[in-house]
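Visitor: requesting a structural model of the entry that follows:
(chains A and B)
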Amino acid sequence: MEIRADLHIHTVLSPCGDLEMSPENILHFARQKGLKLIGITDHNSTRQASIIREYGKEKGIYVLTGTEINSKEEIHALAFFETDEQLQTFQQYLDVHLPNIPNNPEKFGYQVVTDREENIIYEEPRLLISALNQSIEAIEKEVHRLKGIFIPAHIDKPCYSLLSQLGFIPPDLHFEALELSAHTTISRFLSEHPELKSAPFIQSSDAHYPEDIGKIHTQLQVEDLSFESIRQAIQNLSS
Amino acid sequence: MTVRELAEKLNLDICCGKAGLDREIQGGYTSDLLSDVMGNAGEGNIWVTLQTHKNIMAIASLKELSAIVLVKNYKPEEETITESESEGIPILSTSCQTFEITGKIYELLKEKTNGQ
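Guide: Here you go, the predicted model:
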């Protein structure tokens, strides 16, 4: 079946995520935009993701639980995990490698996890937009060791992207796909980077506000709504 | 001025790429965005950065830079060292932060130019 996916959505947990990005609102807007599959990707934290996944099951939306990591080179990449165990193991990795810089909510925004009823159940004290002290390769290896999906984020952007930070893609970096932002199109991007024409590309909203959810999406051909089928579908994308 | 002379004057650690110490330095460039360096650094430049990824060597080789200076005692990653040795482009390291070491290099290169 063919489905619409937006795999890059921030929640209230990201300091820059709008306070309206609650589990309820995210699922509501995703449904309104006809999305069948969404990815929850807060900066350097997975703590909001499984709450939305469980709620999504009731609302008929498949939720990939993950995070948007920031490597020591200040490269952003999406990582998704299938099971709570894998997700928690990766959360421990994030907790170990995130520098101990406290968040200042007045300056950066609040970093809270909420339940379905929008009650705050956790507040993250450390600033989540800091860079992990791990290289992009080390992070990619850890994601794949945990059978996760690894997607360098918005590689067309002039900052915080694999291409802006490292100039070109290291040939030994493994990824399921590359992500482009809503600011370009795959064909426009490829006209500047013909060397990447055989790579699978997704496009996502990187939504920080409810109205941005699904402003751009990826059309996926999936056999069924399971983690491995979604991985297959992403890898099979061709431009 | 050669890389060797600069390293001695500013007391820089030579991490790797010793074969290239006699390369002549022609100006410099300071940036941590490799895409920016790729677009804007000039041939013979000495490059000041905090990036230690092996891609810095690919850029240095592509742009024919004279050397790379890592700030704040950062050290090159293992694969970066291998590349530096095979390209013969030295990587130096300093305890200074970017602002200080860029200023010092700028002053030295200016003196040298004025003295000629």
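Visitor: mind pulling up the pLDDT for the residue of chain A at minimum distance from chain B?
Guide: Among the residues of chain A, residue A:167 lies closest to chain B, at 3.5 Å counting by CB to the nearest CB. C-beta here means a position set from N, CA and C on the backbone, and glycine is covered the same way. Residue A:167 carries a pLDDT value of 93.
Visitor: surely it is in contact with residue B:55?
Guide: Yes. The criterion here is CB atoms under 8 Å, and residue A:167 meets it with residue B:55 at 5.7 Å.
Visitor: what about stretch B:22-41, average pLDDT?
Guide: Average pLDDT, stretch B:22-41: 95.
Visitor: now do stretch B:86-105
Guide: 98.
Visitor: export that stretch to PDB, keeping only CA atoms.
Guide: Extracted in PDB, the C-alpha atoms of stretch B:86-105 (Å, rounded to 0.1, in the frame of the first residue of the first chain):
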ATOM      1  CA  SER B  86      49.700   9.700   3.200                       C
ATOM      2  CA  GLU B  87      48.900  13.200   1.800                       C
ATOM      3  CA  GLY B  88      51.900  14.700   3.600                       C
ATOM      4  CA  ILE B  89      49.900  17.600   4.900                       C
ATOM      5  CA  PRO B  90      50.700  18.300   8.500                       C
ATOM      6  CA  ILE B  91      48.100  18.600  11.300                       C
ATOM      7  CA  LEU B  92      49.200  20.800  14.200                       C
ATOM      8  CA  SER B  93      47.600  21.300  17.500                       C
ATOM      9  CA  THR B  94      47.500  24.300  19.900                       C
ATOM     10  CA  SER B  95      46.100  24.900  23.400                       C
ATOM     11  CA  CYS B  96      44.800  28.300  22.200                       C
ATOM     12  CA  GLN B  97      41.200  28.800  21.100                       C
ATOM     13  CA  THR B  98      40.300  29.800  17.600                       C
ATOM     14  CA  PHE B  99      40.300  33.600  18.100                       C
ATOM     15  CA  GLU B 100      43.700  33.700  19.700                       C
ATOM     16  CA  ILE B 101      45.600  31.400  17.300                       C
ATOM     17  CA  THR B 102      44.100  33.000  14.200                       C
ATOM     18  CA  GLY B 103      45.300  36.400  15.500                       C
ATOM     19  CA  LYS B 104      48.700  35.100  16.200                       C
ATOM     20  CA  ILE B 105      49.100  33.400  12.800                       C
END
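Visitor: roughly how far is it from the heart of the chain?
Guide: Computed by CA atoms, centre = their mean, to the nearest Å, the chain-centroid distance of stretch B:86-105 equals 5 Å.
Visitor: list the buried residues in it.
Guide: B:87, B:89-94, B:96, B:98, B:101-102, B:104-105 (16 or more other CB atoms under 10 Å in any protein chain shown).
Visitor: out of these, who's nearest chain A?
Guide: Looking across the buried residues of stretch B:86-105 and measuring by CB to the nearest CB, the closest to chain A is residue B:98, at 14.6 Å.
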